[in-house]
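>>> need coordinates for the following:
(one chain, ligands or ions: 1)
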Amino acid sequence: MRMIEELRREIRNIEQFNIFTGIDWKWLEKHLERQEKLDGPLSGKRIVIKDNINVKGLPVTCGSNMLKSYKALYNATVIEKILAAGGIIIGKANMDEFAMGSSNEYSAFGPVKNPVNPAYVPGGSSGGSAAAVASGIADYALGSDTGGSIRQPAAYTGTVGLKPSYGRVSRYGLTAFASSLDQIGPITRTVAQAAELLEIIAGHDARDATSAVQPVPAYSKFLTDKPKKIRIGIPIELLKEAIDADVRSAFEKTIDTCRQAGFEILNVNLPNSRYAIAAYYILATAEASSNLARFDGVRYGYRSQSEAKDISSFFAQNREEAFGQEVKRRIMLGTYVLSSGYYDAYYGKAQKVRRLIYKDFNTALSKSDLIVMPTTPTPAFRLGEKCDDPLAMYLNDVFTVAINIAGVPALSVPMGKTEAGLPMGFQIVGRPFQEGTILQLGHFIEEKNE
Ligand code: GLN
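Next comes the predicted model:
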């Protein structure tokens, strides 16, 4: 009971950031009663869950009017694992509608504000999750990352965000955006917490055919082991992109720190990454157009009140009234690139680019153990700044999308703040299923920055 009262007070204090899509206090009371009896690695720890992950009995809105009144009928696998570990789920986090966005302004629940400075966006699409950790209301959060949605908000809010290798964490119970790119991962205050949470949520799941059978190592152990001779690759072509001066100098400073510590720094090539944004916005929208076809007002979601003259106008009305602008834009784009006559020119071509990007990473990661780059080209931007310019918004993802396309894991760890006090992220990319090495370097950088 005391915990509930405390929580109510704390949540009132952070209301201005608009972090939650909702908190069901009745559910929470029962949940607390149950969880407090458990003794596990997450006992007493507060966790916030992105609102596209199923928690049985709670709404799973995906930040959309389409699902505002839809409740999850079962727990996602990651939720089962968190519950078994004794974690306390305090609420569902606001997000860009169906995880499409980079600022958390495309939400039917209104924008999330960055706790570091509420005039700025927290990043997206897992903006509520990152803001929950940054504001201190949660110890841990879960986000999902299709093209940067864990790492970019982590960079903007000064938190740690990890996108695991494709297949490392079960997607069962995650609302699909682009199934070949989506992964669930932790957002936390420290690298040690990210390691801890990954260890709990990772592993094979028979209910997700794309989940890997690889054993789950004790990730926390990597942090106590002294870093070995890690070879760090700098992707020279990618760093020719326009990068904010503060971000560039913080990045170079961090590289210097690594060099001084005796890590080998070498140049690597990811020549096809310049096509990553174009390929991503074809592949992701194509998959989204198919995944979101299920939201028609019959099987799921919003149903229009107005009279429909036939079945197809009935579907159209429901979708027209409930989806936001960005989601509609993606569905149209995705339908277009898959349509007969354009399929080969767009979707087929993007699949080929995907293969090339995958090969680039493979080659680069055989010369080096890790690849590093800024998480984002700029620090957080102001609320409203990019809302009317979808392309400018997409360009934010220049350093994150290629990683999902290649299926490799990546971590964003804070690398200081700009003069204006805005956090920046250092991104560490590794070989598939080598999250341990990534966490090791992340932990080293975190300690140096303290
Ligand atoms: N910003 C990217 C997009 O809008 C990434 C989203 C994500 O990772 N879910 O698609």
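
>>> which positions in this structure make contact with the ligand?
Counting by C-beta under 6 Å from any ligand atom, the chain comes close to the ligand at 99-102, 125, 145-149, 177, 284, 397. Just so you know, the C-beta spots here come from the backbone N, C-alpha and C atoms, and that holds for glycine as well.

>>> tabulate the residues you listed (a markdown table), appending pLDDT, secondary structure and neighbour count.
Putting the residues of the chain next to the ligand into a markdown table (pLDDT from 0 to 100; DSSP: H, G, I helix; E, B strand; the rest coil; neighbours: other C-beta atoms under 10 Å) gives the following:
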| residue | pLDDT | secondary structure | neighbour count |
| --- | --- | --- | --- |
| Ala99 | 98 | helix | 30 |
| Met100 | 98 | coil | 29 |
| Gly101 | 97 | coil | 29 |
| Ser102 | 96 | coil | 28 |
| Ser125 | 98 | coil | 34 |
| Asp145 | 98 | strand | 29 |
| Thr146 | 98 | coil | 28 |
| Gly147 | 98 | coil | 30 |
| Gly148 | 98 | coil | 32 |
| Ser149 | 98 | coil | 37 |
| Phe177 | 98 | coil | 25 |
| Ala284 | 98 | helix | 27 |
| Asp397 | 92 | coil | 24 |
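
>>> packing partners of the lowest-mean-pLDDT helix or strand in the chain?
Ranked by mean pLDDT, DSSP states H and E, the weakest helix or strand in the chain is helix 390-395, scoring a mean of 88. Applying 3 or more C-beta pairs under 8 Å, 6 or more residues apart in numbering; DSSP states H and E, one finds that helix 390-395 contacts helix 276-291.

>>> ok so, going back, so for the least confident helix or strand of the chain, what gets flagged as buried?
In terms of neighbour count (16 or more other C-beta atoms under 10 Å), helix 390-395 has its buried residues at Pro390, Met393, Tyr394, Leu395.

>>> remind me, longest helix of this structure?
Using DSSP state H, we find that the single longest helix of the chain is helix 349-367.

>>> circling back: nearest to Lys37, of the buried residues of helix 390-395?
For these, the closest approach to Lys37 (C-beta to C-beta) belongs to Met393, at 45.3 Å.

>>> tell me which element the residue nearest to the closest one when sequence neighbours are not counted falls in.
Leaving aside its sequence neighbours, Met393 sits nearest to Lys386 (C-beta to C-beta, 6 or more residues apart in numbering; 4.7 Å). Lys386 belongs to no helix or strand when elements are defined using DSSP states H and E.

>>> now do Ile184
According to DSSP H and E, Ile184 maps onto strand 183-188.

>>> which outside residues touch stretch 266-277?
With contacts defined as C-beta atoms under 8 Å, 6 or more residues apart in numbering, stretch 266-277 is touched by 231-238, 353, 356-357, 360-361, 363-364, 367-368, 371, 394-395, 397-398, 401-402, 405.

>>> buried ones from the residues you listed, can you make that a PyMOL selection?
For the buried members of the contacts of stretch 266-277, the matching PyMOL selection, counting by 16+ other C-beta under 10 Å, is:
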select buried, resi 232+233+234+235+238+353+356+357+360+361+364+368+371+394+395+397+398+401+402+405
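
>>> before we move on, back to that, per-residue confidence at the residue nearest to Met393?
Looking at Lys386, its pLDDT reads 92.

>>> what sits against the residue of the stretch 351-450 of the chain at minimum distance from the ligand?
Nearest to the ligand, among the residues of the stretch 351-450 of the chain, is Asp397, at 4.9 Å (C-beta to the nearest ligand atom). Contact analysis of Asp397 by C-beta under 8 Å, 6+ apart lists Ser102, Gly147, Gly148, Gln152, Ile277, Tyr280.

>>> how about a cut-off of 7 Å?
If you count contacts by C-beta atoms under 7 Å, 6 or more residues apart in numbering, Asp397 has them with Ser102, Gly147, Gly148, Ile277.

>>> did I read that right, Ile47 in a helix?
No - applying DSSP: H, G, I helix; E, B strand; the rest coil, one finds Ile47 to be strand, outside a helix.

>>> surely it meets Gly87?
Yes - the pair Ile47 and Gly87 qualifies as a contact (C-beta atoms under 7 Å) at a distance of 4.7 Å.

>>> quick one, phi psi at the residue nearest to the spatial centre of the chain?
When C-alpha atoms, centre = their mean is applied to the chain, the residue found nearest the centroid is Ile150 (2.4 Å). Phi and psi for Ile150, reported as degrees, to the nearest 10, are phi -100, psi -50.

>>> contact partners for it?
Ser126, Gly143, Gly161, Leu162, Lys163, Gly185, Ile187.

>>> just the ones in strands from those residues, please.
Among the contacts of Ile150, the members falling in strands (DSSP state E) are Gly143, Gly161, Leu162, Lys163, Gly185, Ile187.

>>> biggest separation within those, which pair?
For the ones in strands among the contacts of Ile150, the maximum inter-member distance is 10.3 Å, found between Lys163 and Ile187 (C-beta to C-beta).

>>> helices of the stretch 1-150 of the chain, residue ranges please.
Per DSSP state H, counting those that start in this stretch, the stretch 1-150 of the chain carries helices over the ranges 2-13, 25-36, 77-84, 127-135.

>>> chain center to the shortest one: distance?
Read that as helix 77-84. From the chain centre to the centre of helix 77-84 is a distance of 18 Å (C-alpha atoms, centre = their mean, to the nearest Å).
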